[in-house]
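Novice: what follows is a predicted protein model with its sequence.
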Amino acid sequence: MRRLVRALALCAAIIPAEIATARTSEDEQLWVNLTAIGSLTGKLIYFAEVQPRAADGMSRLDQLLLRGAVGWKLSPKLSVYQGYAHVVLPVEGGRDRNEERSFQQVNWTIGKPWGGELSSRTRLEQRWRSDGEDMGWRLREMLRYEKPLASASDQVNALVYAEGFVALNDTDWGARAGFDQLRSFLGAELGLGGGSTAEVGYMNQLINQPAGNQRVNHIASITLFFRH
């Protein structure tokens, strides 16, 4: 019994200490996404995007992401893609780090509940970084819902989505298997004519970090989709 009491007392002392060492850091950021989407021929489709991201109170470039993919439209509701991304990670006063990604993606329009549209995007990534040798695997799942605003024109939709990231293995450049991050967005989709749209709103990015630490980024998100 004495041993049990001592063990419980030790746990009680350790757990608060571990909680106390965990920290949450926050930042205000600006993400801009310029994406072209279209059909190459028949059911052969593509997208190409440029994404600059500013961090540290929007004072400096934190990432520049260049991503493109070609795909096949299996049906009006289901498309598959193979793509590649190059990510520049600037280092102040040092040599930039780079990340290369190959990815496979499935886009699925699930249905039209509650007068809106529910869709899913599933992406499996293979990642390499210039500061390591391992390949990291990561799975991303997004659920997206948009609904026309009754008080606005047909060109304005309320828009919400959430995307969860799970790392599937450890790497020598810092990835750790398990929950990686969650992005949650609330905003509006605006029609620009010709099928093109703009999405503007607030994104919350929760990032899991070592030792139980977390990072929360408050992001002003602006996305322009050019469709043809």
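Specialist: Here it is on my side, so go on.
Novice: show me the shaky parts of the protein.
Specialist: Per-residue confidence for the chain (pLDDT under 70) gives these ranges: 1-22, 151-154.
Novice: so residue 219 touches residue 202, yeah?
Specialist: Yes - using C-beta atoms under 8 Å as the test, residue 219 is close enough to residue 202 to be in contact (7.1 Å). Yep, even glycine has a C-beta here, placed from its N, CA and C like the rest.
Novice: ok, these two, which is more surrounded?
Specialist: Taking neighbours as other C-beta atoms under 10 Å, residue 219 and residue 202 compare with residue 219 leading, 21 against 12.
Novice: and the more buried one, what element?
Specialist: Taking DSSP states H and E as the definition, one finds residue 219 inside strand 214-227.
Novice: how far out from the middle of the chain is that strand?
Specialist: Distance, stretch centre to chain centre, for strand 214-227: 9 Å (C-alpha atoms, centre = their mean, to the nearest Å).
Novice: just stretch 59-75 next, same as before
Specialist: Averaging C-alpha coordinates over stretch 59-75 and over its chain gives two centres that are 11 Å apart (C-alpha atoms, centre = their mean).
Novice: ditto for stretch 57-68
Specialist: Centroid separation between stretch 57-68 and its chain, computed with C-alpha atoms, centre = their mean, is 13 Å.
Novice: touching it from outside, list them.
Specialist: Around stretch 57-68, the neighbours that count as contacts under C-beta atoms under 8 Å, 6 or more residues apart in numbering are 27-30, 46-56, 83-90, 92, 101, 220.
Novice: the same query, at a cut-off of 7 Å, please.
Specialist: 28-30, 47-55, 83-90 (C-beta atoms under 7 Å, 6 or more residues apart in numbering).
Novice: just the CA atoms of that stretch, as PDB, please.
Specialist: Extracted as PDB, the C-alpha positions of stretch 57-68 are listed here (Å, rounded to 0.1, in the frame of the first residue of the first chain):
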ATOM      1  CA  GLY A  57       2.600  39.400 -37.900                       C
ATOM      2  CA  MET A  58       2.600  39.300 -41.700                       C
ATOM      3  CA  SER A  59       6.000  41.000 -41.700                       C
ATOM      4  CA  ARG A  60       8.000  38.500 -43.700                       C
ATOM      5  CA  LEU A  61       7.700  35.700 -46.300                       C
ATOM      6  CA  ASP A  62       7.500  32.400 -44.400                       C
ATOM      7  CA  GLN A  63       6.800  30.000 -47.300                       C
ATOM      8  CA  LEU A  64       6.400  30.100 -51.100                       C
ATOM      9  CA  LEU A  65       4.500  27.000 -52.400                       C
ATOM     10  CA  LEU A  66       4.400  26.100 -56.100                       C
ATOM     11  CA  ARG A  67       2.100  23.200 -56.800                       C
ATOM     12  CA  GLY A  68       0.500  21.600 -59.900                       C
END
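Novice: packing partners of the strand or helix carrying residue 180?
Specialist: Secondary structure assigned from DSSP H and E places residue 180 in strand 178-193. Packed against strand 178-193 by the contact rule (3 or more C-beta pairs under 7 Å, 6 or more residues apart in numbering; DSSP states H and E) you find strand 156-167, strand 196-208.
Novice: okay if I get those strands as TSV plus distance to residue 42?
Specialist: What follows is those, written out as TSV (distance: least, C-beta to C-beta, whole Å):
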stretch	distance to residue 42
strand 156-167	29
strand 196-208	22
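Novice: so where's the longest strand in this structure?
Specialist: The single longest strand within the chain, with elements called by DSSP state E, is strand 24-41.
Novice: now whichever helix or strand comes after that one: buried residues?
Specialist: Downstream of strand 24-41, the first helix or strand assigned by DSSP H and E is strand 44-55. Along strand 44-55, these residues count as buried under the neighbour rule (16 or more other C-beta atoms under 10 Å): 45, 47-49, 51, 53-55.
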